[in-house]
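Trainee: only geometry, no sequence info:
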């Protein structure tokens, strides 16, 4: 499991830094494609936490959660064993009951992304998975990731 070692909101999106480990790779030392989804999920979680609006609080206070509704990934170059990576999360659009984010995964110090994910998250009631309105604090935090 890749561990978080730094996370921060900055102009142009939230940056989440991690390192890849042996368990993230295939037999050839290349990061397995599904692990990019895990990296992106952690980065979204940390982006909200760093903005002061963690997922757990939205669930406990409002009974709402975010669920992935749609996901597209472009794999552009492989990450490898022991790479330091940066996941940049930006909000593309924030609507009353959904948010679209773009997450770009870079090898630290490089400008060309290794993967780009387009993720649409639906805000739903935890009890029945019916659509719910994004609470104001979360809405504002997501807009700040633009």
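Mentor: Perfect, thanks for sending it. What you see is a predicted model, and the numbers here were worked out from it, not measured in a lab.
Trainee: so where is the chain shaky, pLDDT-wise?
Mentor: 1-11 (pLDDT under 70).
Trainee: what helices and strands are in contact with the biggest helix by length in it?
Mentor: Determined from DSSP state H, the single longest helix within the chain is helix 35-50. Under the contact criterion of 3 or more CB pairs under 8 Å, 6 or more residues apart in numbering; DSSP states H and E, helix 35-50 touches strand 4-10, strand 13-19, helix 55-62, strand 64-75, strand 84-94, strand 98-107, strand 113-125. C-betas here are computed from N, CA, C, even on glycine.
Trainee: tell me the centre residue of this protein?
Mentor: residue 44 (2.9 Å; CA atoms, centre = their mean).
Trainee: tell me the contacts of it?
Mentor: Neighbouring residues of residue 44 by CB atoms under 8 Å, 6 or more residues apart in numbering: 66, 89, 101, 103, 119, 121.
Trainee: list the contacts of the last one.
Mentor: Yep, that's residue 121 we're talking about. Shown in contact with residue 121 (CB under 8 Å, 6+ apart): 44, 66, 67, 68, 69, 98, 99, 100, 101.
Trainee: quick check: residue 53 touching residue 144?
Mentor: No - the criterion here is CB atoms under 8 Å, and residue 53 misses it with residue 144 at 10.0 Å.
Trainee: the two: who's more crowded?
Mentor: Neighbours were counted for residue 53 and for residue 144 using other CB atoms under 10 Å; residue 53 has more, 18 against 14.
Trainee: which residues touch that one?
Mentor: 137, 138, 141.
Trainee: generate a ChimeraX selection restricted to the buried subset of those.
Mentor: A single ChimeraX command selects the buried members of the contacts of residue 53 (16 or more other CB atoms under 10 Å):
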select :138,141
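Trainee: could you export the contacts of residue 53 as JSON lines, including secondary structure and distance to residue 24?
Mentor: Output for the contacts of residue 53, formatted as JSON lines (DSSP: H, G, I helix; E, B strand; the rest coil; distance: CB to CB, whole Å):
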{"residue": "137", "secondary structure": "helix", "distance to residue 24": "33"}
{"residue": "138", "secondary structure": "helix", "distance to residue 24": "30"}
{"residue": "141", "secondary structure": "helix", "distance to residue 24": "29"}
